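>>> One predicted model, sequence on top.
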Amino acid sequence: MTCDRAMEAYLRLDRDEAPSRELAAHIESCPLCGREVWGLTASLQAFPPTADCRPGRDLAGPVMARIADLKAAPGPDALSWRSREERPLLSLYNWIGTGLMILAGMILIPYSTIPPLLNRIVGPDWELSLHLVLGLVITIYTTLFIGSHLTDLRRLLKMR
Ligand SMILES: [Zn+2]
């Protein structure tokens, strides 16, 4: 029995449960685990024994009724119950903002320092490479937008 296995088995025991013969033999023979078990036992004995503690009345009924209320009326508290899939990764405002920035970039590129720079680096065919890059950017943007809004899209198509 390895030390990891032994400590795992020891910690899985209930408070007054006796360890298996194999575990007891390991704790007895291994100074590392023996010290660990001794420390844990000493820590547990430092706590005063707890009194038998039971609620005055059965709480299962009221608690389950409260949970049923929470599920029936989704308030701000119930938002955390929504699955991760339902929550969008980015808000629609962020998507629109990004789209507008891409559009502004496309409009402003001819007035920027990029065309002469591309002309020097790529040569006279720079316009073709710019259009290829912009096409790639728009494709990636559209793919990500549709991919992250599949649930909304499905809902929209079902409504019609
Ligand atoms: Zn050990």
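It's in. Numbering: from 1, shown residues only.
>>> Isn't E22 up against M1?
Yes. Here E22 reaches M1: they are 5.7 Å apart, a contact under Cβ atoms under 8 Å. In this view, the C-beta of every residue, glycine as well, is placed from N, C-alpha and C.
>>> Looking at the two, which is more packed in?
Neighbour tally, E22 and M1, criterion other Cβ atoms under 10 Å: the higher count belongs to M1, 15 against 12.
>>> which residue packs closest to the more buried one, ignoring adjacent ones?
Nearest non-adjacent residue to M1, counting by Cβ to Cβ, 6 or more residues apart in numbering: H26, 4.7 Å away.
>>> Now do the same contact list for the one you found.
The contact partners of H26, by Cβ atoms under 8 Å, 6 or more residues apart in numbering, come to 1, 3, 6, 33.
>>> so it is in which element?
Assigning secondary structure by DSSP states H and E places H26 in helix 21-29.
>>> ok, and does that helix reach over to the ion?
No. Against the ion, helix 21-29 shows no contacts by Cβ under 5 Å from the ion, the least distance being 5.6 Å.
>>> per-domain residue ranges of this structure.
Using automatic domain parsing, the domains assigned to the chain come out as 3-46, 92-159.
>>> TSV for those domains, including distance to P62 and mean pLDDT?
Listed next are those as TSV, based on distance: least, Cβ to Cβ, whole Å; pLDDT from 0 to 100:
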stretch	distance to P62	mean pLDDT
domain 3-46	30	91
domain 92-159	35	88
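>>> Tabulate those (TSV), appending distance to A65.
Shown next, in TSV, are those (distance: least, Cβ to Cβ, whole Å):
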stretch	distance to A65
domain 3-46	32
domain 92-159	31
